[in-house]
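Trainee: pasting the structure only:
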């Protein structure tokens, strides 16, 4: 295989595989601008604290919240672009047919993993959003500002895990259909 064909194969490997993946990639590219916002507010905090001796109470928690949400979103983005971690030493050494079987195994294990994490995230989110008596009461940070960011991060984890479960199911179906065609 020449270098140009390898380059084309790698480009297509990292393309979104379905509509959900394409939406995730577009959303992820837009959300990545929040990293710039996080840097800007962190710079603002440094300026306020060390130049004007007037620190904020909201920047650290906001930056941490945004970073956590973007980190969680990165999981479904990596899956959508097929840039997740895999053992390439084995994967690259086998035939295309064996790779398809490895992909099916990967998607089945991923589906189980995402299903279990979705269940755990649901339990975690339920306790972060509802009081023991069933009233809606968002978990807060407990700081002087006390935003409900812990509850929001847990909701984000739950939503992301639900999407990842669907992604693994769609990828598994596509891989099985691809196996039948070959």
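Mentor: Yep, that arrived. Given the structure is predicted, the values throughout are model-derived calculations rather than measurements. Numbering: from 1, shown residues only.

Trainee: ramachandran angles for residue 136?
Mentor: Per-residue torsions, residue 136: phi -70, psi 120 (degrees, to the nearest 10).

Trainee: now do the helices in the chain.
Mentor: With DSSP state H as the criterion, the chain has helices at 3-13, 19-31, 33-46, 59-80, 88-91, 96-129, 149-181.

Trainee: now render the ones you listed as JSON lines, adding mean neighbour count and mean pLDDT.
Mentor: In this view, the C-beta of every residue, glycine as well, is placed from N, C-alpha and C. Listed next are these as JSON lines, based on neighbours: other C-beta atoms under 10 Å; pLDDT from 0 to 100:
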{"stretch": "helix 3-13", "mean neighbour count": "10", "mean pLDDT": "54"}
{"stretch": "helix 19-31", "mean neighbour count": "15", "mean pLDDT": "97"}
{"stretch": "helix 33-46", "mean neighbour count": "13", "mean pLDDT": "97"}
{"stretch": "helix 59-80", "mean neighbour count": "18", "mean pLDDT": "96"}
{"stretch": "helix 88-91", "mean neighbour count": "10", "mean pLDDT": "80"}
{"stretch": "helix 96-129", "mean neighbour count": "16", "mean pLDDT": "95"}
{"stretch": "helix 149-181", "mean neighbour count": "18", "mean pLDDT": "94"}
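
Trainee: if I read this right, residue 143 contacts residue 62, doesn't it?
Mentor: No. Look at residue 143 against residue 62 with C-beta atoms under 8 Å: they stay out of range, at 11.3 Å.

Trainee: picking that back up, among the helices of the chain, which is nearest residue 135?
Mentor: The minimum distance between residue 135 and the helices of the chain falls on helix 96-129, with 9.9 Å, by C-beta to C-beta.

Trainee: what's the angle from that closest one to helix 59-80?
Mentor: Counting by axes from the mean of the first three to the mean of the last three C-alpha atoms, to 10 degrees, helix 96-129 lies at 150 degrees to helix 59-80.

Trainee: just want the angle from helix 96-129 to helix 149-181.
Mentor: Interaxial angle, helix 96-129 versus helix 149-181 (the same axes, to 10 degrees): 160 degrees.
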